[in-house]
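Peer 1: kindly generate the corresponding structure for this input.
(chains A and B)
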Amino acid sequence: MTTHNHKTLAALASGKEGKVVAFECGQGMSCRLESMGIRIGSVIKKMSAQSMRGPVTVKIGNTSLALGHGIASKITVEPLQ
Amino acid sequence: MRKLLLIGNPNVGKSVFFSRLTGTQVITSNYPGTTVEFTKGFAVFGKEEFEVIDVPGTYTLAPTCKAEEVACEILKKTVNEGDVIINVVDSTNLERNLTLTLELMEQSVPVIVALNMWDDTKHKGIKIDVEKLEEWLGVPVVTTAAVTGEGFAHLASRINEAKAPKVRPHTPQDRWKDIGSIIGKIQQLEHRHHTFFEFIQDLTINPVGGIVFAGMVAYAAFSVIRFIGEGLITYIAGPVFDKLWLPVLMKLSALMGSGGIVHDILIGKLFNGQIDYVQSFGVLSTALYVEFAMVLPYIIAFYFVLGILEDSGYLPRLAILMDNLMHRIGLHGFAIIPTLLAFGCNVPGILATRVLESKRERFIASTLISIGIPCAALQAMIIGVLGKHGIGPMLTVYCVLAFSWLILGFILNRLTPGFSPELLIEIPPYRLPQAIVLFKKTWWRIRQFIVEALPVVMGGVLVVNILYILGVFNTIAGLTAPVITGLLGLPKEAITPIVIGFLRKDIAVGMLVPLSLSIKQLIISCVVLSMFFPCVATFTIMWKELGWKDMAKATGIMIVSSIIAGGILNLIL
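Peer 2: Next up, the predicted model:
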């Protein structure tokens, strides 16, 4: 699934936008991500990341979310210009 | 009686909505997961009275935590013929909120949609075509702003139009596709420039700036609490007790002949013929004084400041900053919110752990709260008793508690089977706390405190006095002397406050005063009292929330760790 320009959300630079192309989580977790707005194809903007593998904050439309580093590293995005 | 159920995503304002409909005060805040239990109230529309139920927020009807489970269970079990669901929707987050709306409609229950926070859409540059949305959904859609009451008359007039349209069951993918296409047709977004709140938003979750800001918030919070608490004691509570209440008590004392059993129970012992509020230990002297002149001022100050923090929306940001640390003790960042609530009273703190996903986290969080987090009443007394010896002894107690909380967290994280899920929360926008909401909430919490604490404190002092007269404590003191004197270095009478700590910790700390302890002994007994055993209210809620097995485990941990902490202090101080 990962091509050369695809990145995990954890690796995406703060301030950049990306389109979700894949996420691998347990069934329960992916359900919750989806209901909170993170789905294949949604465009998310990374707002910030805490140091030492801390949580990542993102914005989808008008919603801001905070995700643990582990969750963020299982979400693959295609960086947008 | 027909029921109205308020259902919606977390933090869309269901509880404000509920208060508005029923006039019943419930705690509302600006973070997801404030409501973890359902609350009932009543409202009259037209001539009909309805039972209104405030349901914890949920993103989907497939629950992912205990609070969401409560929501789904209510929906399954309590909805009868004729009941209506008011789906409270955050207008500024329409797309995500409508997912739940469709899920609800698939259940074939009558639904009416309230586009809440409608006032926010204007300054956020969001335009929604309400008529088109109503047409597409096939159920009534009304716009509301629960904080101001806008749109409620309209909502009331349309309750009976709620319909249960036939909606085919969707797969989640279908649902999002449908919603995506309708959103494109009914919603227009205008680009708005960065507002001041957005600047703060960026600063407070910045990895470096956020920590600095958090430090400033903590310092400001403590300063304001101290300022208000001390101010109330010095200028109001103290003078009232010294100038107004004391003469009344002295007259009463003289009437009863300044002695005797009833006198000792009601007024307490006299020192040089005078009542000493802290030491006399009568139901009408010490019990009232401790609650109203030592504890209540800090309770007021604490809940006022907590209310501001809750309503501003800062707490979820703090959760993000604390996530790293909290992971080391087997929790994730959001657990900081129940922990902060516990600084007021452990009971709502432990109840609030329902927002955590797993049983393991709830066990760890609850145990750590009851050991390491002193409630406001206990803290007020620790300040009252130790404060006059300078900042050092007080700081020692706080540091020992914080250290125990951390170490125990590390240990519990290692020893408790299972793993901790990761943080996944919605960050609400910042809002300016509304004065009226803030005052109502603070008042409600203060009243709750007085109603719950006062009878226990007065009853406790009564029982203690009777037990003293019967000499029961001498027997207990004899039995526990090896631990109390041998390990902790306290006089054997110190067992009495420790036992009374089970009733209430504030009055227990007050009982240390007549023992004329050294500063070292005061520090040790404050630490042991804080950690040793939860008060009866906390004990009951832990039992209810964790079950008796985990409760027993937690209690064992408390007793052992308090004796270890006290023993070590006895050796090194």
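Peer 1: and chain B, which of its residues are near chain A?
Peer 2: Contacts of chain B with chain A, taken as C-beta under 8 Å from any C-beta of the partner chain, map to B:59-60, B:62, B:64, B:92-93, B:95-96, B:99-100, B:124, B:126, B:172, B:176, B:201-202, B:205-207, B:210, B:316, B:319-321, B:323-324, B:332-333, B:421-429. Every C-beta, even on glycine, is put in place using the N, C-alpha and C of the backbone.
Peer 1: show the buried residues in these.
Peer 2: B:59-60, B:64, B:92-93, B:95-96, B:99-100, B:124, B:126, B:172, B:176, B:201-202, B:205-206, B:210, B:316, B:319-321, B:323-324, B:332-333, B:421-429 (16 or more other C-beta atoms under 10 Å in any protein chain shown).
Peer 1: keep only those of the residues you listed that are in strands.
Peer 2: Cross-referencing those against strands under DSSP state E gives B:I126, B:L424, B:I425, B:E426, B:I427.
Peer 1: state the pair within those that is farthest apart.
Peer 2: B:I126 and B:L424 (25.0 Å; C-beta to C-beta).
Peer 1: mind listing what B:A114 touches?
Peer 2: Taking C-beta atoms under 8 Å, 6 or more residues apart in numbering or on different chains, we find B:A114 in contact with B:F17, B:I86, B:N87, B:V88, B:V89, B:V141, B:V142, B:T143, B:T144, B:G151, B:L155.
Peer 1: again, only this time at 10 Å
Peer 2: B:6, B:8, B:12-14, B:17, B:86-89, B:91, B:140-146, B:151-152, B:154-155, B:158 (C-beta atoms under 10 Å, 6 or more residues apart in numbering or on different chains).
Peer 1: who does it form a beta bridge with?
Peer 2: B:V88, B:V142 (DSSP bridges).
Peer 1: okay, it: pLDDT?
Peer 2: B:A114 is assigned a pLDDT of 96 by the prediction.
Peer 1: past the lengthiest helix in chain B, which element shows up next along the chain?
Peer 2: The residue-count maximum for a helix in chain B (DSSP state H) belongs to helix B:435-470. Heading C-terminal from helix B:435-470, the first helix or strand you meet, by DSSP states H and E, is helix B:472-481.
Peer 1: what is the neighbour count of residue 21?
Peer 2: I went with chain A, as the question did not name one. By other C-beta atoms under 10 Å in any protein chain shown, 16 other residues sit near A:V21.
Peer 1: chain B, not that one
Peer 2: When neighbours are counted by other C-beta under 10 Å, B:L21 comes out with 23.
Peer 1: how about B:G46?
Peer 2: A count of neighbours around B:G46, defined by other C-beta under 10 Å, yields 10.
Peer 1: tell me the contacts of it?
Peer 2: B:A156, B:S157, B:I159, B:N160.
Peer 1: helix or strand with the lowest mean pLDDT in chain A?
Peer 2: helix A:27-35 (a mean of 71; mean pLDDT, DSSP states H and E).
Peer 1: tell me who's in contact with B:I228.
Peer 2: Applying C-beta under 10 Å, 6+ apart, the residues near B:I228 are B:P297, B:Y298, B:I300, B:A301, B:F302, B:F304, B:V305.
Peer 1: what's the answer for B:V528, then?
Peer 2: B:484, B:488, B:490, B:494, B:497-498, B:501, B:562-563, B:565-567, B:569-570.
Peer 1: can you redo the ones in strands among the buried ones among the residues of chain B next to chain A as CSV with pLDDT?
Peer 2: What follows is these, written out as CSV (pLDDT from 0 to 100):
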residue, pLDDT
B:I126, 90
B:L424, 91
B:I425, 91
B:E426, 92
B:I427, 93
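Peer 1: about what we covered before: widest-spaced pair of the contacts of B:I228?
Peer 2: Among the contacts of B:I228, B:P297 and B:V305 lie farthest apart (C-beta to C-beta), at 12.9 Å.
Peer 1: so which of the two has more stuff around it?
Peer 2: Just comparing B:P297 and B:V305: by other C-beta under 10 Å the higher neighbour count belongs to B:P297, 23 against 19.
Peer 1: in a strand, the more buried one, correct?
Peer 2: No. Assigned with DSSP: H, G, I helix; E, B strand; the rest coil, B:P297 falls outside any strand and is helix.
Peer 1: one step back: pLDDT on the longest helix of chain B, on average?
Peer 2: 91.
Peer 1: that helix: which residues count as buried?
Peer 2: Applying 16+ other C-beta under 10 Å to helix B:435-470 flags B:437-438, B:441-442, B:444-446, B:448-449, B:453, B:456-458, B:460-461, B:464-465, B:467 as buried.
Peer 1: give the closest residue to the residue of the stretch 351-500 of chain B found nearest chain A in space, chain neighbours not counted.
Peer 2: Scanning the stretch 351-500 of chain B for the residue nearest chain A gives B:E422, at 2.8 Å (criterion: C-beta to the nearest C-beta). Sequence neighbours aside, A:G68 is the residue nearest to B:E422 in space, at 2.8 Å (criterion: C-beta to C-beta, 6 or more residues apart in numbering or on different chains).
Peer 1: contacting residues around the one you found?
Peer 2: A:10, A:53-56, A:74, B:320, B:323-324, B:327, B:332-333, B:420-425.
Peer 1: recalculate using a threshold of 6 Å.
Peer 2: A:P55, B:E422, B:L423 (C-beta atoms under 6 Å, 6 or more residues apart in numbering or on different chains).
Peer 1: export the residues you listed to JSON lines and tack on distance to B:L356 and pLDDT?
Peer 2: Compiled in JSON lines, the contacts of A:G68 are given as follows (distance: C-beta to C-beta, whole Å; pLDDT from 0 to 100):
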{"residue": "A:P55", "distance to B:L356": "15", "pLDDT": "95"}
{"residue": "B:E422", "distance to B:L356": "12", "pLDDT": "89"}
{"residue": "B:L423", "distance to B:L356": "10", "pLDDT": "92"}
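Peer 1: what mean pLDDT does stretch B:178-197 have?
Peer 2: In the prediction, stretch B:178-197 has an average pLDDT of 83.
Peer 1: just the buried positions in it, please.
Peer 2: In stretch B:178-197, counting by 16+ other C-beta under 10 Å, buried: B:I179, B:I182, B:I186, B:Q187.
Peer 1: so what's the first one closest to, chain neighbours aside?
Peer 2: Distances taken as C-beta to C-beta, 6+ apart put B:L98 closest to B:I179, at 4.8 Å, once the chain neighbours are dropped.
Peer 1: and that neighbour, how far is that from B:E361?
Peer 2: Distance from B:L98 to B:E361, counting by C-beta to C-beta, to the nearest Å: 31 Å.
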